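*Asks:* Take a look and give me a structure for this.
(one chain, ligands or ions: 1)
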Amino acid sequence: MESSLSPYEQIGGAPTVRKLVEAFYPRVQRHPLLKPIFPEDIRPVMEKQYKFLTQFLGGPPLYSREYGHPMLRARHLPFPITPSRANAWLACMHEALNDAGITGEIREHIWARLVMAAHHMVNTPEDEGNGEKEPEN
Ligand code: HEM
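*Replies:* Numbers count the residues shown, from 1 in each chain. Okay, here's the model as predicted:
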């Protein structure tokens, strides 16, 4: 029965998660709001995200096996995540879902969970975090 398959299985497992991650990070690296907070060497981040998304989608718990409980909000606290950075992250992810060919009801389900997760990661008010303005005296 189709509904007994995890989202991970429904989208095609490891190769699709890999495509998603490979499509996502080049967009992040080109985005003016995201680029400054990510390291230039993006490969280690891609590997962690591949492992995290695998388990987030109901595949094997690759991330937790290696790094323990995700505690993602806490792990993101060193980075100023404003509402507009969360929207930028989601815009990159929206395009990456397209590139990975993830469509239909399962896409809507995954998208809704990513939107919630992204909003949960916001830790900095808009006017403090994007680094666009010099402080005024
Ligand atoms: C809301 C906007 C978001 C921004 C701006 C953002 C930004 C970042 C940054 C800057 C890093 C650290 C890169 C480094 O290691 O130097 C990171 C790590 C990570 N992010 Fe996000 N992130 C966001 C949302 C999310 C969401 C929604 C998820 C999961 C669905 C996620 C999953 C991860 C994972 C798994 C890591 C690696 C954590 C580790 O170090 O073990 N992020 N993110």
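*Asks:* Other residues contacting the helix or strand bottoming out on mean pLDDT in the chain?
*Replies:* Using mean pLDDT, DSSP states H and E, the weakest-scoring helix or strand in the chain turns out to be helix 126-129, at a mean of 88. Residues outside helix 126-129 that contact it (C-beta atoms under 8 Å, 6 or more residues apart in numbering): 80, 81, 82, 83, 84, 85. In this view, the C-beta of every residue, glycine as well, is placed from N, C-alpha and C.
*Asks:* which one is the third one nearest to, not counting chain neighbours?
*Replies:* Leaving aside its sequence neighbours, residue 82 sits nearest to residue 129 (C-beta to C-beta, 6 or more residues apart in numbering; 4.1 Å).
*Asks:* distance of the one you found from the ligand?
*Replies:* Relative to the ligand, residue 129 is positioned 10 Å away (C-beta to the nearest ligand atom, to the nearest Å).
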